[in-house]
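Q: Predicted model follows, preceded by the sequence.
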Amino acid sequence: MAKMNKKNPLISKWTPMHLLSGVIMQKKGLTVGQAFAASMVFEVAENAVAPKLGIKAIEGANNMTMDVVLNMAGYYLGVKI
């Protein structure tokens, strides 16, 4: 069984990727709902698959939530640029 990431930071080295992916989703024409759903699905899949592959430890709820929030912030940033 994979170990939980004990540090569980709100912001990690992957934070810019989540922000950028939101911008990309907006620019590719996804709706707000589609972008939100894609972000949620990615977080669940990431936590289910990455630890089994030995890529990373399980993320905590705080980090997963922040990843989705930043993805949506990127989506709204994409509207402005």
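A: Happy to help now that I have it. Numbering: from 1, shown residues only.

Q: any low-confidence regions in this protein?
A: Across the chain, the ranges flagged by pLDDT under 70 are 1-8.

Q: switch the cut-off to 90
A: Scanning the chain with the threshold set as pLDDT under 90 gives 1-16, 46-64.

Q: center of it, which residue is that?
A: Taking C-alpha atoms, centre = their mean, the centroid of the chain lies closest to residue 67, which sits 3.8 Å from it.

Q: As a check, name the ranges of all strands in the protein.
A: Secondary structure of the chain (DSSP state E): no strands located.

Q: Count the residues that sit near residue 29.
A: By other C-beta atoms under 10 Å, the residues close to residue 29 number 7. Placement of C-beta: from N, CA and C, glycine included.

Q: cool, and residue 75?
A: Counted with other C-beta under 10 Å, the neighbours of residue 75 add up to 25.

Q: need the contact list for it.
A: For residue 75, the contact set (C-beta atoms under 8 Å, 6 or more residues apart in numbering) comprises 22, 23, 25, 26, 30, 32, 35.

Q: Return the member of these nearest to residue 62.
A: Using C-beta to C-beta, residue 22 is the member of the contacts of residue 75 that lies nearest residue 62, at 18.6 Å.

Q: wait, the closest one sits on residue 69?
A: No. Counting by C-beta atoms under 8 Å, residue 22 does not reach residue 69; the two are 9.7 Å apart.

Q: Of those two, which one has the most company?
A: The neighbour comparison of residue 22 against residue 69 (other C-beta under 10 Å) goes to residue 22, with 26 against 15.

Q: what's the nearest residue to that one if we skip its chain neighbours?
A: Of all residues not flanking residue 22 in the chain, residue 74 sits nearest, at 2.5 Å (C-beta to C-beta, 6 or more residues apart in numbering).

Q: What is the burial count for that neighbour?
A: By other C-beta under 10 Å, the residues close to residue 74 number 22.
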